[in-house]
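> sequence and predicted model, in that order:
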Amino acid sequence: MKIVVIGGTGLVGSKVVQALSERGHEAVAAAPSTGVDTITGAGLAEVMSGAAVVVDVSNSPVLDDSAIEFFRTATTNLLTAEQHAGVRHHVALSVVGTAELAPHSGYFEGKLLQEKLISEGPIPFSIVHATQFFEFVNTLADSATERDTVVLPPKYFQPMAAADVAEGVAIAALNDPVNGITEIGGPDMVLLPDLIRTALIAHGDTRTVIADPSALYWGVDIGERTLVPGSGATLFDTRFEDWLLQAAAKS
């Protein structure tokens, strides 16, 4: 089966392509570097030809209000091209907590718009809500740094490895459309400051991590479990400490 992976050269996308290829499918990585641009529409008709499933793991290049127009344009172009090509299943990667975060963040407003366009569109669909990636914990720490101190709210999250995100997306692509949202996450629920502190220590980073109930997450005042998946989520096994060891072994 031909499956087109939009954003297929990125961190998650390349792993989705690998997971699908290992299962015997024709997984095609689509990205500007391979001649496919969801904003201009270039290359979409060609890459969609003969495809049964399209997986969208692409992301806005910016995290501000500009993301709204990115997701609007890209998703509209994708769904139009898929309808013309007879694609039978659209799979999109999104984020746990999107609906709660959207009123306070242009980026998440864009993600929520993406989900709305998909759910109201012509293609049977599955939206996969994933928790935060282990690979981005340093970026999260940087976003909350004031001088040499990282200030984060003592709120829970349940992060996961990018490889497990890709596995969850690949599984969704090979299953029937659910015409709704499924959630995936890591094995352990932990307070944001605690895991960030562990990550910094592991990398020899001397920044101090402080838990402050008034602190914001990417500029948003989140609830205690905004970033935690629901009880029906599929949880993967890779723990942060094991991922750190694996990452260290590869470096």
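Yep, it's here. Residues are numbered from 1 along each chain as shown.
> can you give me the strands for the stretch 101-250 of the chain?
Remark: strands assigned in the stretch 101-250 of the chain by DSSP state E, counting those that start in this stretch are 125-130, 145-146, 149-152, 156-157, 180-185, 190-191, 208-211, 234-235.
> and those strands, which one is worst for confidence?
The stretch with the lowest mean pLDDT among these is strand 145-146, at a mean of 91.
> ok, and what's touching the worst-scoring helix or strand of the chain on mean pLDDT?
Taking mean pLDDT, DSSP states H and E as the measure, the helices and strands of the chain show their lowest mean at helix 240-250, namely a mean of 85. The list of residues contacting helix 240-250 from outside it, by Cβ atoms under 8 Å, 6 or more residues apart in numbering, reads 134, 159, 161, 186, 188, 190, 195, 198-199, 202. The C-beta positions use only the backbone N, C-alpha and C, and glycine is treated the same way.
> follow-up on the earlier one: wait, which of the strands of the stretch 101-250 of the chain is closest to V47?
With Cβ to Cβ as the measure, strand 125-130 is the member of those nearest V47 (18.6 Å).
> partner strands of the closest one, with direction?
Its sheet considered, strand 125-130 pairs with strand 89-95 (parallel), strand 180-185 (parallel) by DSSP bridges.
> closest to A215 out of those strands?
When those are compared (using Cβ to Cβ), the closest one is strand 89-95, at 19.6 Å.
> in this protein, where is pLDDT below threshold?
Counting by pLDDT under 70, the low-confidence segments of the chain come to 251.
> in it, which helix is the longest?
The longest helix of the chain (DSSP state H) is helix 66-85.
> list the helices and strands it packs on?
With contacts taken as 3 or more Cβ pairs under 8 Å, 6 or more residues apart in numbering; DSSP states H and E, helix 66-85 sits against helix 44-48, strand 53-56, strand 89-95, helix 106-119.
> please redo it, this time with the cut-off set to 10 Å
Here helix 66-85 touches strand 2-6, helix 44-48, strand 53-56, strand 89-95, helix 106-119, going by 3 or more Cβ pairs under 10 Å, 6 or more residues apart in numbering; DSSP states H and E.
> and the end-to-end length of stretch 18-28?
Distance between the two ends of stretch 18-28: 10 Å, counting by Cα to Cα, to the nearest Å.
> so how far is that stretch off the chain centroid?
Shown here is stretch 18-28, whose average C-alpha point lies 20 Å from the average C-alpha point of the whole chain (Cα atoms, centre = their mean, to the nearest Å).
> OK, contacts around A92?
Taking Cβ atoms under 10 Å, 6 or more residues apart in numbering, we find A92 in contact with 6, 54-58, 71, 75, 78, 111, 114-115, 117-119, 125-129, 169, 172, 181.
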